Structures are given as C-alpha cells and as structure tokens.
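In: Pasting the sequence and the predicted model now:
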Amino acid sequence: TLDGTGAPVRPATAAAPPGGAVRAPAPLGLIAELTYRCPLQCAYCANPVELSRYRAELDTGQWLRVLEQARGLGVLQLHLTGGEPLLRRDLTQLIAHAAELGLYTNLITSGVPLAPGRAEELAAAGLDHVQLSLQDAEPRSADAIAGIAAHDRKLAAARQFTSAGLPLTVNAVLHRGNLARLGALADQAVELGADRVELAHVQYYGWAWRNRAHLAPDEEQVRQAERDVAAARERHGERVEIGYVPADLHGGTVKPCMNGWGREQLAVAPNGDVLPCLAAAQLPGLTVPNAVTDGLAASWHDSPAFNRFRGTDWMPEPCRSCALRELDHGGCRCQAYQFTGDPAVTDPACRLSPHRHLVTEPVPAETPTPVPRRYR
Ligand code: SF4
Ligand code: FES
C-alpha cells in the first residue's frame, strides 16, 4: 500500500491497540537525523536549540547498523534528514544499504549543497523520493528567513532531482512573513515538477518558539490562507496533491502529533539518541535511550521514554474521558510543555484545555518592542 508520497504504509491490521501502555506494534518509519550541520539558519528550525550538545555524529558503520536494526524491528520507511543530510559524505552508501534492506528511502533536504551529478548518484543507489523545502516564493524573503542566499540554489536542486527521475515533494513552512504568498509557493512547486506540495504552519517549539513574535500569523491571515489553499487546489486540480497542515493554535482542535507517541515512528538524532519525536529531547525527566548503547528494539518497546505517553493511560482530564482521545492522542506533548512547562497536560491548543488561554492571549509580536529574530 502507498501513501501520498508513494511510501509504503502499514496494513490496517497493525494499528496500535486501544488502551494504555501495552506492547507496541512495529514502527512504520525511522526518521534518521544524520547531522545537525546545515548551511541554512532558518528562524523556525526544528533542530534542538542546544546544537552544541550534538557535535558528535554516529559514523558510517554505526548508521548502517541502525538501519539494519530498524528493518529488523519492522520499519518500512526511512526518512533521511538533518540538518542537511547532503553534508554526510556517506549518504550514497547509507541509501544503498537501506535499499538492499528493502526500506523505502525519502531524502528531506534544502537542496543547497547538491553537487552536479549527485542527484543521479543518489537515484542510482536506490533513493525513492525527495522532499525539498522552499522558504518563500519571493527570493529576497526566502533568503531572509534562511539567513543565507539559498532560494535560487534550491530551484536548481529541484530541477536536478526531477531530471534524475526522482519523485519530488516540495514543502514550505508557513508563517506571517510568507502566508500572503502561499498560492505563489504552490504554483512555484508545481512549475518545478513537484508531484506533491506540502504547506504546513510553523510548529512552535525550539527555535520557532524563540521567534514566535516574528512568525505567528493573526486570525485573518490564517483564514485567508485557508481560502488560498482551496484556490490553489482548484487551479492545479488532480494533477498535483496539495497537502495543508493547518494552524492548530487558531482552530481549537489539536494535531495528532506523530500519530501518537511511540505509535508509528521513531527518530534517531545524530549522536544516536532515540526519540519519539524530533523535539522530545527538551522534555524534562525523559531518560533518552541510545541506538548504539541500548539498541532500537529495546528503545522502542521497553524504554521509559517511549512508554511515557504511549496509549491513553497517561492522560489527564479532559482527555481521559474525551471521545477523541484515540484519534488525536491528546495532541502534542512538546507543545503542552512549551506553553505550560508540563508535558503531561492536555495540549493547550485544544479548546477544552484548562490552559487554552495561554494559546489565545496576544503573542509578543503585538508588543511595541519585539525581540530580535534569532537564527540557529
Ligand atoms: Fe483531544 Fe484531549 Fe482535547 Fe479531547 S480533550 S479533543 S482528547 S486534546
Ligand atoms: Fe513532540 Fe509533538 S513534537 S510530541
């Protein structure tokens, strides 16, 4: 079975059982953060704020073993990301090994360091799909948010990937600075030959939380964005799938983050730390297992970190007695922590959360002296 990107999806029979922390089914996907090195400095980067803690990276042999462990655990999809995964000189070797293991491989990249001929090399090694980010449709604004002149190089990289015959998803992170050009972003992605466009509002943790004053859109911008997505879908019809991740802080409903904690995916950081989501390392009291010292199977099945918010037994009210708890999994633990200081409360994006006011009260952007933008 294939999902929107052509990646294999888990059969319905393998869905997580309802209830509390029972033995989890096999994970569907591994998010391999090969390195946090990156030529860009996006103001909403999903990498940890404390980047200096992650200078050490697993070597090639260790990553090869992580891939083998993942396949042994039942993983079907491999998402190679960073930082910028193209900066790993062993990327072709890792992709070739993943392909031998039968993993579907997706490269998540800015495209900026793509050397001539490398797209063909990666395709020949067995790469299945590329997801390339654009910051904006307008080059100056795109380069301003990236912190370097990147936009034109990204367009060139997108063309190299499609010329190499690789299916392409173009994704863009949406914020107050580029929302007005949402339609133009979708058009540019389609012009580049993307098979899929993914437009997603910023998630506010880490760097984006620090820059929330500069990034958070207002209510009218969010409503206009919804109309612009509908218009873009109309323009491009069946030809290209346009995915949209709405601004959950404005809607009153929560996103089913990671499709549930420890339920479908696991992430491995550059130093081998194994995490239930990319932002989980910041959560207090979480003892993070490591792929090299603990192994992926023990991390997934037995570690306190993965079992901490698995299932529904951990839930407080109002989630505990809510009809939606098996569908949205109580929202996002990292967002709950960011807004309230406690990762175990109902996501304050939910209109039923007792902390909802923390989400709806004015953000610092509306104060007269906004803090300067902080680049990673
Ligand atoms: Fe979801 Fe909890 Fe809100 Fe119910 S109360 S909608 S389970 S976040
Ligand atoms: Fe960590 Fe949502 S980003 S649970």
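Out: Nice, I can see it. Ligands and ions are numbered 1, 2, ... in the order given.

In: So which residues on this structure come close to ligand 2?
Out: 257, 258, 277, 279, 280, 332, 333, 334 (CB under 6 Å from any ligand atom). (Each C-beta comes from the backbone N, C-alpha and C, glycine too.)

In: Please repeat the previous calculation with a cut-off of 8 Å.
Out: Proximity of the chain to ligand 2 (CB under 8 Å from any ligand atom) is limited to residues 203, 205, 255, 257-258, 261, 276-280, 283, 309, 331-335.

In: Tell me the first helix or strand C-terminal of the longest helix seen in the chain.
Out: For the chain, the longest helix by residue count, based on DSSP state H, is helix 219-236. The C-terminal neighbour of helix 219-236 among helices and strands, as given by DSSP states H and E, is strand 241-245.

In: That next one: partners in the sheet, and parallel or antiparallel?
Out: strand 196-201 (parallel) (DSSP bridges).

In: got the contact list for the closest residue to ligand 1 within the stretch 101-250 of the chain?
Out: Here the stretch 101-250 of the chain gets closest to ligand 1 at one residue, residue 248, 10.3 Å apart by CB to the nearest ligand atom. Neighbour list for residue 248: 201, 254, 255, 331, 349 [criterion: CB atoms under 8 Å, 6 or more residues apart in numbering].

In: The second one is in contact with residue 333, isn't it?
Out: Think residue 254. No: taking contacts as CB atoms under 8 Å, residue 254 lies outside contact range of residue 333: 11.0 Å.

In: So for these two, which residues contact both of them?
Out: What both residue 254 and residue 333 touch, as defined by CB under 8 Å, 6+ apart, is the set residue 347.

In: in the lowest-mean-pLDDT helix or strand in the chain, what counts as buried?
Out: In the chain, the helix or strand scored least confidently by mean pLDDT, DSSP states H and E is helix 248-251, which has a mean of 84. By neighbour count on 16 or more other CB atoms under 10 Å, the buried set for helix 248-251 is 248, 249, 250.

In: Pull out the CA atoms of stretch 74-93 and give them to me as CSV.
Out: Written as CSV, here are the backbone C-alpha positions of stretch 74-93 (Å, rounded to 0.1, in the frame of the first residue of the first chain):
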residue,chain,number,x,y,z
GLY,A,74,9.7,-3.9,11.2
VAL,A,75,10.4,-0.4,9.9
LEU,A,76,9.4,0.1,6.2
GLN,A,77,10.1,3.8,5.6
LEU,A,78,13.4,5.7,6.1
HIS,A,79,13.4,9.5,6.2
LEU,A,80,16.9,10.8,5.9
THR,A,81,17.0,14.3,7.3
GLY,A,82,19.1,16.7,9.4
GLY,A,83,20.3,19.5,9.5
GLU,A,84,21.3,18.9,5.9
PRO,A,85,21.8,15.2,5.1
LEU,A,86,23.6,16.0,1.9
LEU,A,87,26.6,17.1,4.0
ARG,A,88,27.2,13.5,5.0
ARG,A,89,29.8,12.1,2.6
ASP,A,90,28.4,8.6,3.2
LEU,A,91,24.8,9.4,2.2
THR,A,92,25.0,7.3,-1.0
GLN,A,93,26.3,4.3,0.9
